[in-house]
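Pasted the sequence and its predicted model underneath.
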Amino acid sequence: MKRSLVVISNRLPFVVTKNENGEPVRKNSAGGLVTALAPLVIKNKGYWVGWAGNDLTEDMEIPESDDPTAIAHGIKASQIKPIYFTPEIFQSFYNGFCNATLWPLMHSLPTLAAFKSDQWNSYVNVNEMFANAAFEAVKKFDSYEDKNNLVWIHDYQLMVTPMMLRNLLDEANISCKLAFFLHIPFPSWDIFRLNPWANEIILGLLGCDLIAFHTNTYASNFIECCLNILGARVDRKEMIVEYGNKTIVVRALPIGIPYDWFERNARVSPKPFNFKEKVIFGVDRLDYTKGIIQRVRGYERFLEKYPECREKVVFFQVAVPSRTDVEDYRNLKDELEREIGRVSGRFATAEWTPIKYIYNNISQYELAGYYRDARIAIITPVRDGMNLVAKEYVACQIDDPGVLIISPFTGAGETMNEALLVNPLEHDLVADAIKTAYDMKYYERKLRMNALQTRERLFNLDTWLESFFEAIDMIDSVKKMQSLNVSDYESWLGPIIKGYNLAIILDYDGTLVPIQPHPDLAVLPDDVKNLLEKLMECKHIDVTILSGRSMANLKKLINLKNINLSGSHGMELCLANGLEEECEQAAVFRAKIPDLVKELKETVCEHGGWVEEKRYHVTFHWRDTHPNYRQPMAQKAIEIVQKYGFQATKAHCAVEARPPIGWDKGRGVYNILEKLYGVTWADNYKAVFIGDDETDEDAMRALSGLGITFRVGKPNIKTAASHRLPNPDAVKIFLKWAIGYLERIKSSVQTPIAERRLHGIRRKNSFA
């Protein structure tokens, strides 16, 4: 199927360097990602967004390929959307947050991770650069409504790009599926949450329609993060996440290798070894996750434990240079070479060196010969996303089969059961595994290798691509989660509110009623009104409507007895017990409102913008304007608001002018609860707050740890809320749940809550 396609990866399928004449030329990149995706981009005449190396600057043009044998030769310069890094950004983004923070954390090595705010900010800024570049590419698609339009984002460097791009696409009303593939592990949620920005990263990924990982373990870990970090609804069996009004499909799609290519090159690659001993072979990028030093020590234990094998084997380790500009990696190289020297010095004889070591790059063509002639391959990372080396070794066993030793802490180790699995951290076990492989007879080696080859030949790189596109094309037909129901609220709220009365505080627009083109059209539905009336019958539950609307407008819209109302974000209060009050500090700003309204109408009320005047606030609405006008109009409105001494606050498709007295819905919530129950309200009441926009975030932050909060609507930005709800219909289900809770209270024998809690404290102390 032909589709409009954009691929986003940290690096392009080539780097740009300068030749001897100072002219930019392409230097082709190798690897499975380029092998898989370059033909797709060529076939679909798509685009590739990425970084082309430090030599490429903004004043240079992307050169065309001059190598017809390169896989990416057919990708024209016009199909490339390059990202430019300054050395400072590269250091902070790539060497900083990507590789000093995310890399160790994602590999379940949190003690090696460094968390720095400036590096996180660089990560966000660079991801925004990628999102903007991808958006420019998408705008060149033939159709904005084709459901097959696809942007495929790759790897841990770009985990907040999806939501940024989704917001841009939604704003421009462009239909496009977003997919993400993570090429490294995803850790358990109790490790991932150590990241101070875990919430933002998970939210960033949820801009996708499909999120894919190498293994079921990684996919399950991600789903648990969505549940425990964001409070999302999840279906573990169907592997679906629902957050707000969006459903995301999660899949395990293990990557393969171009099997035939390796098998073919193994037949013609030159013989690399010129010694008679059996070769134990390891090849890794030099990285602390690869377990190379532990491997050397395991081999040392093998020589200690099985002295009869000395001078009959050689351990040949290739370490591919990596991140040579990072001090920790230079130190790792020094430590590895010291260990190799120590072990070699301990066991070497005049005619035998136990370890051969190469610190260099080896071409894939040459590597096929190394794989072919090694009797044993030892692939023992302490953690690895997949590890394609193990698969490449299997593909190159064309004659006398060797034995694969692999760590269970790799993605490949989860499926390559016929290999010898060994924990790389236990040197005795590594030694025993090497001895087992050394002694293994031909028929067993052949049996195990045949099974491994059958699997890897079947689940090759082409199969991975087919599986991915099958998953993305099935998105719309994936079984949806069961609709939100009262049992969801019971699981969220039941354990927390036990023993407490409920104080329910609800926003109005976008929460109890859907957002309307004009505020006057937002009429409270009869079924919602009936539910609120039932709730107000119970002495154990109080209901308050807290809105940015004026009190006069609220009373007109909500004609209910015994309900608490709070307008102007809490600056106006009218309680069911008869208490009414207004904020005196805000009153002094009322005289400025007419002039502010007048200038806003004269300056920014064009192209569909309009002004809403309230008692203490003024709101400029731009939801009906064309996207091209929104940013400049909103910016101009902010400048005008600030000129009159008001605080400019962004709301839902609006800019709100507030009196600069430090009042927001957070302060409004506290004021309501203190007026209703006194300053010790938290002893006996749990607050439940539901809102839908940025102004409600203040209340959600204020109630953190003191109550349960919900945000209604699109999950496109970070929220302080405990949970997301898709729409106002979900709020009605909450009201039904609360009525059911009310009925359970009525049917039970009630001991006063304070007495019950004191009784529990006494019992606890009696056991101390």
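Alright, I've got the coordinates. Residues are numbered from 1 along each chain as shown.

what secondary structure does the residue lying closest to residue 304 once chain neighbours are set aside sit in?
Computed as Cβ to Cβ, 6 or more residues apart in numbering, the closest residue to residue 304 that is not its neighbour in sequence is residue 431, at 7.6 Å. All C-beta atoms are positioned from the backbone trio N, CA, C, and that covers glycine. Look at residue 431: counting by DSSP: H, G, I helix; E, B strand; the rest coil, its state is helix.

pretty sure residue 431 contacts residue 307?
No - Residue 431 is not in contact with residue 307 according to Cβ atoms under 8 Å; the separation is 11.7 Å.

the more surrounded of these two?
Between residue 431 and residue 307, counted using other Cβ atoms under 10 Å, the more crowded position is residue 431 (22 against 10).

which secondary structure element contains residue 122?
helix 117-138 (DSSP states H and E).

do you know how far residue 491 is from residue 225?
Distance of residue 491 to residue 225, computed by Cβ to Cβ, to the nearest Å: 18 Å.

what about residue 216, neighbour count?
Here the number of neighbours of residue 216 (other Cβ under 10 Å) works out to 14.

Name the nearest residue to it, ignoring sequence neighbours.
Distances taken as Cβ to Cβ, 6+ apart place residue 252 nearest to residue 216, at 4.5 Å, with adjacent residues excluded.

ok, now which ones touch residue 496?
If a contact means Cβ atoms under 8 Å, 6 or more residues apart in numbering, then residue 496 has 686, 708 as its contacts.

How about residue 10?
Contacts for residue 10 were tallied using Cβ under 8 Å, 6+ apart; they are 50-51, 94, 98, 154-155, 157-158.

likewise residue 151?
5-8, 134, 138, 165, 176-179.

For the helix or strand hosting it, enumerate its sheet partners and note whether each is parallel or antiparallel.
Element membership for residue 151, per DSSP H and E: strand 150-154. According to DSSP bridges, strand 150-154 forms sheet pairs with strand 5-11 (parallel), strand 177-181 (parallel).

Pull out the buried positions in the helix or strand just after the shortest one.
Put plainly, it is strand 177-181. Next along the chain after strand 177-181, taking DSSP H and E as the criterion, comes helix 189-192. Residues 189, 191-192 are the ones in helix 189-192 that count as buried (16 or more other Cβ atoms under 10 Å).

distance of residue 396 from residue 637?
Counting by Cβ to Cβ, the gap from residue 396 to residue 637 is 65 Å.

Equivalent analysis for residue 151, please.
Separation of residue 151 from residue 637 (Cβ to Cβ): 32 Å.

Next: residue 22.
For residue 22, the distance to residue 637 (Cβ to Cβ) stands at 50 Å.

The two: who's more crowded?
Each of residue 22 and residue 637 has its neighbours counted (other Cβ under 10 Å); residue 637 has more, 27 against 6.

The more buried one: helix or strand, and which one exactly?
helix 627-643.

next one: that helix to chain centre, how far?
Distance of helix 627-643 from the chain centroid (Cα atoms, centre = their mean, to the nearest Å) equals 32 Å.

same check, this time on stretch 666-680
36 Å.

Enumerate the positions of that stretch that are buried.
For stretch 666-680, burial by neighbour count (16+ other Cβ under 10 Å) applies to 666-673, 675-677.

any chance you could map the helices in the stretch 601-750 of the chain?
For the stretch 601-750 of the chain, the helices defined by DSSP state H, counting those that start in this stretch occupy 627-643, 665-677, 694-702, 728-747.

Quick check: which of these is buried the most?
For the helices of the stretch 601-750 of the chain, the largest average neighbour count (mean count of other Cβ atoms under 10 Å) is found in helix 694-702, namely a mean of 23.

quick one, that helix and helix 665-677 angle?
Angle, helix 694-702 to helix 665-677, by axes from the mean of the first three to the mean of the last three Cα atoms, to 10 degrees: 60 degrees.

So which elements touch helix 694-702?
Using 3 or more Cβ pairs under 8 Å, 6 or more residues apart in numbering; DSSP states H and E, the elements in contact with helix 694-702 are strand 647-651, helix 665-677, strand 685-691, strand 707-712.

thinking again about what came up before, other residues contacting the helix holding residue 122?
With contact meaning Cβ under 8 Å, 6+ apart, helix 117-138 is reached by 4, 6, 8, 47, 49, 81-83, 85, 89, 92-93, 96-98, 100-101, 149, 151, 153, 157-161, 164-165, 168-169, 172, 174, 176, 196-197, 200, 204.

Make a PyMOL selection of the buried ones in the residues you listed.
Listed next is the PyMOL selection for buried residues among the contacts of helix 117-138, using 16+ other Cβ under 10 Å:
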select buried, resi 4+6+8+47+49+81+82+83+85+89+92+93+96+97+98+100+101+149+151+153+157+158+159+160+161+164+165+168+169+174+176+197+200+204
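
Looking at the contacts of helix 117-138, which are in strands?
6, 8, 47, 49, 81-83, 151, 153 (DSSP state E).

Now pLDDT and distance to residue 513 too, for those, in CSV please.
Output for the ones in strands among the contacts of helix 117-138, formatted as CSV (pLDDT from 0 to 100; distance: Cβ to Cβ, whole Å):
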residue, pLDDT, distance to residue 513
6, 97, 38
8, 97, 39
47, 96, 42
49, 97, 41
81, 95, 42
82, 94, 47
83, 95, 43
151, 97, 35
153, 98, 36
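
hang on, the earlier thing: weakest of the helices and strands packed on helix 694-702 in terms of mean pLDDT?
When the helices and strands packed on helix 694-702 are compared by mean pLDDT, strand 647-651 comes last with a mean of 87.

which residues touch that strand?
548, 619, 634, 637-638, 641-642, 655-660, 693-695.

Recalculate using a threshold of 10 Å.
Outside strand 647-651, the residues within contact range by Cβ atoms under 10 Å, 6 or more residues apart in numbering are 509, 548, 569, 617, 619-621, 634-635, 637-642, 655-664, 693-696, 698.
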